[in-house]
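S.K.: Using only what follows, build the 3D model:
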Amino acid sequence: MTFFNIFSKKPIKEQKIQKIIVDHREKNSLVIAELLSKGIRIDFQQLEIADYIIGDVAIERKTCLDLIGSMITKRIFSQVENLKQYEKPLIIIENYHNIDLKESKLNENSIRGLILSLALEYKIPIIFTKDPKETATFIILIAKKTKAEISLRSKIPMSGQEHIRYILEGFPNIGPVTARKL
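M.R.: This next block holds a predicted model:
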């Protein structure tokens, strides 16, 4: 679709944005409402790992209450281990600056230690956002920057490596990412 600037005769090209796969448990999130209001293509699925998947990026979104709850139950560590299965894992912590530690009876340093552990030991980048709208903005930017892995099945392979990948992609359940890893 072509959009026109009413002050110019030059057409403005529509940007292609990668489809976002969202865990069905996120349906009631305000982030989803923001994404849909911006016209972003969303595919709801039951995801075992992550809340959002965009190409090879897996995003685990935590509100401050969810972060505290998953920290107390130690669920965060299994989620992080699973998240590392993806090539580019990412954690978004939403509304962190308004966290009330007195209610949770946690020591401030326990959350700081968790964040340092996620960043330094697990080597997973963390983004802090102030609200669902800012979270949605980051997700949209990731979708714009992330390119889908293109299958070699759509062209005739040129080099020896491409030929091997072409053959591997012909097997069931092997896509371009898996073929490249093999």
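S.K.: which secondary structure element contains residue 33?
M.R.: helix 30-37 (DSSP states H and E).
S.K.: Now do the buried residues in that helix.
M.R.: If you call a residue buried by 16 or more other Cβ atoms under 10 Å, then helix 30-37 has these buried ones: 31-32, 34-35. For every residue, glycine as well, the C-beta is placed using N, CA and C.
S.K.: Stretch 110-128 now?
M.R.: For stretch 110-128, the neighbour count (16+ other Cβ under 10 Å) marks 111, 114-115, 118, 124, 126-127 as buried.
S.K.: Stretch 21-28 too?
M.R.: For stretch 21-28, by 16+ other Cβ under 10 Å, it's 21-23, 26.
S.K.: Run through who's touching that stretch.
M.R.: Stretch 21-28 has contacts (Cβ atoms under 8 Å, 6 or more residues apart in numbering) with 32, 42-47, 50-54, 61.
S.K.: go again using 6 Å as the cut-off
M.R.: 32, 42-47, 51-53 (Cβ atoms under 6 Å, 6 or more residues apart in numbering).
S.K.: before we move on, what about stretch 35-44?
M.R.: Counting by Cβ under 6 Å, 6+ apart, 19-22, 24, 136 sit against stretch 35-44.
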